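>>> whatever this is, show me its structure:
(one chain, ligands or ions: 3)
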Amino acid sequence: MENIIKDIDIIRDEEEKSCDVAITAEESTGKTKKLYIESYGCQMNFSDSEIVASIMKDHGFDTTSDFTSADVIFLNTCSIREKAEQTVRKRLSQFNQVKSENPELTIGVLGCMAERLKEKLLEEEKLVDLVVGPDAYRDLPNLVGQAEEGNKGVNTFLSREETYADISPVRLNSNGVTAFISIMRGCDNMCSFCVVPFTRGRERSRDPHSIVKEARELFEKGYKEVTLLGQNVDSYKWSAEENNKARLTKKETALSEVIHFSDLLEMVALVDPKLRVRFSTSHPKDITDEVLLTMKRHDNICKYIHLPVQSGNSRVLALMNRTYDRDWYLDRVRKIREILGEDCGISSDMIAGFCTETESEHQDTLSMMDLVQYDFSYMFYYSERPGTLAAKKLPDDVPLEIKKRRLQEIIEKQNQLSLMRNQRDIGRVQEILIEGQSKRSAAQLKGRNSANKVVIVPSQGLAVGDYVQVRITDCSSATLFGEVIDR
Ligand code: SAH
Ligand code: SF4
Ligand code: F3S
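Ligands and ions are numbered 1, 2, ... in the order given. Predicted structure coming up:
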């Protein structure tokens, strides 16, 4: 068993950095059965695992961090790139051993791979008992019950309504300070490279009142920061009328209103000035000046925007179906700088070697990076996904070595930019929120500044959850180092 635990670190190292893995923490409330969840992919998946834990808790399961003592193992999976799926396949093959030692064990595959592969997963991976897509988690207790009686099950029904708004997530791996809140599900954008619209279904927004309630409850429990999550938060839209047509009384219809993302952001920011608010992801085509102005009005909305560009070339962007071009994107960045200033953090996602990308088009991505001066980027080479528009219509014709070389150039460029952007902070005083122990030393704590940069400080009697004023004294391309000047 030890080997398996070690192996997970090996898999993680091979994977791209953003494809992290999270494991459930131990939570004993005297329930009879134990659930172990491993989550891959994006924050949305990590957030969904908290909903899954909550649903299972109501049906007799505590969570565990030790899969050898679990009655049920769930892998909440990602399909975004081929590598992400390979990681899960490797992990499943390791669980074969566990299952042979404990035939009573139920193994479920949840998330995007479940949705993409459906019944096929049961055929291909013999040890799997359940395949459950992202909108079908309310059915999990029922499916687990059936599996315990020897019946394998699949539910990959995608919903137009499901938002899990009424489920109070069990905070897994929580530092007690920062938490994610899903504000919408699905995606209607159909970027040609992307599998998400197929695995997550249609876009739908969650009732703003349930979002604010969740933020308030978190704050009351001592949390200091919430991150509002969606594939494209700027297209958040909630109208009571649309969502509740059937149930609305006449009086309520008269009161109905349309709430956009900027309104929601303000509603959450008003929960308390000591509750920091972040959000992710912003789509360049949709981010509005109202959102930027709302960020400016509230000190507790962090000055950081994840604004994935994918490519710096307009022809490639059109093939990607991103629906903006280079000039539009640069204009949005100009607006961010105009309203929020030079210090606002901006990060991006980049794809190297998309279908038909030429060398000079790749150079446009590098020059775009210089123009925007990203603080940080998640960088990938293109991986064709079955069923997407690009897979159907475009040739995956950039050879792997060239994809990798272009990606390396993008990574090197980003490292230089990150270092430059971090060096600007040296000598400045910034407020940071302490989130936990530094990985390197028990005598140091780590926090983040408003622009989402990690800052390491000496512990000096500070506690997790404290807001402190820090003078930045040094940096690397990944981290800032500081001294505490005021609590
Ligand atoms: N909704 C977000 C992105 C979610 S997926 C947005 O629109 O920006 C996260 C990132 O994975 C994408 O931004 C993209 O850079 C990358 N990605 C998605 N599909 C990919 C593929 N087929 N190959 C390589 N990278 C991909
Ligand atoms: Fe994928 Fe595009 Fe939707 Fe992002 S906006 S999830 S890249 S389809
Ligand atoms: Fe992966 Fe699904 Fe998120 S494909 S990136 S887990 S939405």
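>>> may I see the buried residues of the helix ranked longest in the chain?
For the chain, the helix with the greatest residue count under DSSP state H is helix 400-423. Neighbour counts using 16 or more other CB atoms under 10 Å place 402-403, 406-407, 409-410, 413-414, 417-418, 421-422 of helix 400-423 among the buried residues. Yep, even glycine has a C-beta here, placed from its N, CA and C like the rest.
>>> is ligand 1 within reach of that helix?
No. On the criterion CB under 6 Å from any ligand atom, helix 400-423 is out of touch with ligand 1, staying 9.5 Å away.
>>> show me the helices in the stretch 201-350 of the chain, by range?
Counting by DSSP state H, counting those that start in this stretch, one finds helices in the stretch 201-350 of the chain at the ranges 208-220, 240-244, 250-255, 261-269, 289-297, 314-319, 326-340.
>>> of all the ones you listed, which lies closest to residue 28?
Evaluated with CB to CB, these place helix 208-220 nearest to residue 28, the distance being 22.2 Å.
>>> show me what that closest one is in contact with.
Here helix 208-220 makes contact (CB atoms under 8 Å, 6 or more residues apart in numbering) with 165-166, 168, 179, 181, 183, 226, 228, 238, 259, 263-264, 267-268, 271-272, 274-275, 277.
>>> let's go with 6 Å and repeat that
165, 179, 181, 183, 226, 238, 259, 264, 267-268, 271-272, 275 (CB atoms under 6 Å, 6 or more residues apart in numbering).
>>> any part of stretch 347-355 near ligand 3?
No. Stretch 347-355 is not in contact with ligand 3 by CB under 6 Å from any ligand atom; minimum separation 10.4 Å.
>>> any residues touching that stretch, and which ones?
Residues contacting stretch 347-355 (CB under 6 Å, 6+ apart): 306, 308-310, 316, 374-382, 390, 394-396, 398, 403, 406-407, 410.
>>> buried stuff in that stretch?
347-348, 350-355.
>>> near ligand 1, which residues of the stretch 1-150 of the chain?
80-81.
>>> which stretches of the stretch 1-150 of the chain aren't confidently modelled?
For the stretch 1-150 of the chain, the stretches with pLDDT under 70 are 1-20.
>>> what do you get if the cut-off is 90, keeping everything else the same?
1-32, 96-97 (pLDDT under 90).
>>> and for the stretch 151-300 of the chain?
172-174, 239-257.
>>> try it again with 50
Residues of the stretch 151-300 of the chain meeting the criterion pLDDT under 50: 246, 254-255.
>>> contacting residues for the most centrally placed residue in the chain?
In the chain, the residue lying closest to the centroid (CA atoms, centre = their mean) is residue 43, at 2.3 Å. Residue 43 sits next to 180, 229 when contact means CB under 6 Å, 6+ apart.
>>> ok, now with 8 Å
Shown in contact with residue 43 (CB under 8 Å, 6+ apart): 180, 227, 229, 280.
>>> would you list the residues you listed in TSV and tack on distance to ligand 1 and neighbour count?
Listed next are the contacts of residue 43 as TSV, based on distance: CB to the nearest ligand atom, whole Å; neighbours: other CB atoms under 10 Å:
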residue	distance to ligand 1	neighbour count
180	15	20
227	14	19
229	10	22
280	9	21
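>>> and those residues near ligand 2, which?
Counting by CB under 6 Å from any ligand atom, no member of the contacts of residue 43 is near ligand 2.
>>> possible to save these as TSV with distance to residue 92?
As requested, the contacts of residue 43 are exported to TSV (distance: CB to CB, whole Å):
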residue	distance to residue 92
180	26
227	30
229	27
280	29
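>>> return the member of these nearest to ligand 3.
residue 229 (10.3 Å; CB to the nearest ligand atom).
>>> how far away is the closest one from residue 373?
26 Å (CB to CB, to the nearest Å).
>>> neighbours of residue 134, how many?
A count of neighbours around residue 134, defined by other CB atoms under 10 Å, yields 26.
>>> can you map out the strands along the stretch 101-250 of the chain?
For the stretch 101-250 of the chain, the strands defined by DSSP state E, counting those that start in this stretch occupy 106-110, 130-132, 153-155, 178-182, 184-185, 204-205, 225-229, 237-239.
>>> got a markdown table for those strands, with distance to residue 472 too?
Output for the strands of the stretch 101-250 of the chain, formatted as a markdown table (distance: least, CB to CB, whole Å):
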| stretch | distance to residue 472 |
| --- | --- |
| strand 106-110 | 41 |
| strand 130-132 | 46 |
| strand 153-155 | 50 |
| strand 178-182 | 21 |
| strand 184-185 | 35 |
| strand 204-205 | 38 |
| strand 225-229 | 20 |
| strand 237-239 | 39 |
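>>> reformat those strands as JSON lines; add distance to ligand 3.
JSON lines is the format used below for the strands of the stretch 101-250 of the chain (distance: least, CB to the nearest ligand atom, whole Å):
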{"stretch": "strand 106-110", "distance to ligand 3": "10"}
{"stretch": "strand 130-132", "distance to ligand 3": "14"}
{"stretch": "strand 153-155", "distance to ligand 3": "17"}
{"stretch": "strand 178-182", "distance to ligand 3": "11"}
{"stretch": "strand 184-185", "distance to ligand 3": "9"}
{"stretch": "strand 204-205", "distance to ligand 3": "14"}
{"stretch": "strand 225-229", "distance to ligand 3": "10"}
{"stretch": "strand 237-239", "distance to ligand 3": "20"}
